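Colleague: Have a look; sequence and predicted model below, questions after that.
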Amino acid sequence: MGKYYMPKSRSRENRYMVSVKEYSHYQREGYLIVRGLLSPEDIAELYAFAEKSRLQKENSNKSSEKRDASPLGEEFAQATRIHMLSRLDEVAERGMLHPRILDVTEAIIGPDVYAVQSMLFLNPPGKGGQGWHQDACYIKTHPDTLVGAWIALEPADEENGCLWVVPGSNHEPIYPPVEVGGGNVHALDSFGDLNTVQNVSHLDDEINTLSKVVANYPPAISVPLNAGDVLFFHSHLLHRSFPNKSVDRFRRSYVCHYCNARSWIPWDHDGYEGDSGNYRQILARGKTHMPYAAPTYGTEIFLADEDNEDSVTMVGTDDGMMMPMGMEKDK
């Protein structure tokens with residue numbers, strides 16, 4: 001017999017309630033800005049953590065001569081970004097599992113949510129920046145449900161390297177880069193004209209051929225943010241940033257990725273055993289039939305209440321429809 005799952009959010013104080021207008025904007029344009037979503041106290045904690053991480057990373061890089069020759073290798077070497085600190089520090093875990101971030105994510109892709117990845121961006125003067133790219137090219141889920149949350153830890157504007165987005169480009173497929181073997185977001189050979197692209201994420205638009213797709217749209221727009229603002233963006237959305245052009249300002253931000261927890265995830269940043277990385281991803285909202293991890297540092301999360309199960313056992317009827325057991329069919 002089938003089980004009918006009635007999704008229901010757990011109630012809590014200070015919940016952010018997403019509006020229909022916000023939901024529609026995200027689905028139509030591929031992004032949503034929520035102003036002041038995180039409190040000054042939350043941002044102060046993440047900002048202090050970012051500074052501590054920056055100093056530790058700089059000291060570590062000074063003693064290492066290893067360099068990565070990839071397009072983003074120098075950015076890692078210059079300590080402009082650090083991945084997966086949410087698995088190493090309780091502050092980073094709290095940031096990734098912040099309930100108000102998950103409130104919005106749950107409404108967009110929920111009700112069941114995996115917390116998949118975290119990245120700390122520092123972007124000192126003269127550094128940082130990433131050319132046109134689509135996040136689902138790098139983090140693949142099946143079904144394809146990935147969403148990013150870009151948390152500003154200080155003012156981000158055009159001078160110090162805020163994000164730029166192409167509204168509506170979330171409706172594009174994922175263009176497979178030659179360098180990563182064509183990707184596997186879409187079924188192979190399901191498109192007749194989905195061309196490969198080259199040098200994705202490269203800052204030079206003459207080299208990064210995703211710029212040809214960008215050219216099919218009206219001009220990209222910048223997304224200035226203040227500390228505590230959060231930009232949610234679709235994983236197909238074409239977006240980029242430029243190097244920090246300021247003289248004495250950083251551009252610190254914390255960026256996390258989530259997907260629906262019913263998705264199969266053939267990926268994990270730190271590697272995995274078996275055929276997927278699901279068991280390494282934190283179940284942050286709802287429930288799932290897939291493997292999952294719990295928060296390492298005990299951060300509070302709001303999962304489906306198993307003691308108040310809303311699922312209803314369904315039974316087939318003679319006309320091929322389903323109905324809850326115990327109900328009488330209309331005569």
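Modeller: Structure's in. What do you need? Numbers count the residues shown, from 1 in each chain.

Colleague: SS state for the closest residue in space to Gly277 that isn't next to it in sequence?
Modeller: In space, Gly277 comes closest to Asp268 once its chain neighbours are excluded; the distance is 3.0 Å by CB to CB, 6 or more residues apart in numbering. Heads up, the C-betas are built off the backbone N, CA and C, glycines and all. With DSSP: H, G, I helix; E, B strand; the rest coil as the basis, Asp268 sits in coil.

Colleague: what residues are up against Asp268?
Modeller: Gly277, Arg280, Gln281 (CB atoms under 8 Å, 6 or more residues apart in numbering).

Colleague: And these, which is closest to Ala156?
Modeller: Using CB to CB, Gln281 is the member of the contacts of Asp268 that lies nearest Ala156, at 27.5 Å.

Colleague: tell me which element the closest residue to that closest one other than its chain neighbours falls in.
Modeller: Residue nearest to Gln281 in three dimensions, not counting chain neighbours: Tyr114, with 4.2 Å by CB to CB, 6+ apart. When elements are defined using DSSP states H and E, Tyr114 is found to belong to strand 113-121.

Colleague: Give me the mean pLDDT for that strand.
Modeller: Average pLDDT, strand 113-121: 97.

Colleague: so what strands line up beside that strand?
Modeller: As defined by DSSP bridges, the strand partners of strand 113-121 come to strand 81-83 (antiparallel), strand 253-260 (antiparallel), strand 282-286 (antiparallel).

Colleague: After that strand, heading C-terminal, what element do we hit next?
Modeller: Per DSSP H and E, the first helix or strand lying C-terminal to strand 113-121 is strand 130-133.

Colleague: The helix or strand following that following strand versus strand 253-260: what angle between them?
Modeller: The helix or strand immediately downstream of strand 130-133 is strand 147-152, counting by DSSP H and E. In this structure, strand 147-152 runs at an angle of 160 degrees to strand 253-260, with axes from the mean of the first three to the mean of the last three CA atoms, to 10 degrees as the basis.

Colleague: Give me the mean pLDDT for strand 147-152.
Modeller: Strand 147-152 comes out with an average pLDDT of 98.

Colleague: just checking, what packs against that strand?
Modeller: helix 99-109, strand 230-234, strand 253-260 (3 or more CB pairs under 8 Å, 6 or more residues apart in numbering; DSSP states H and E).
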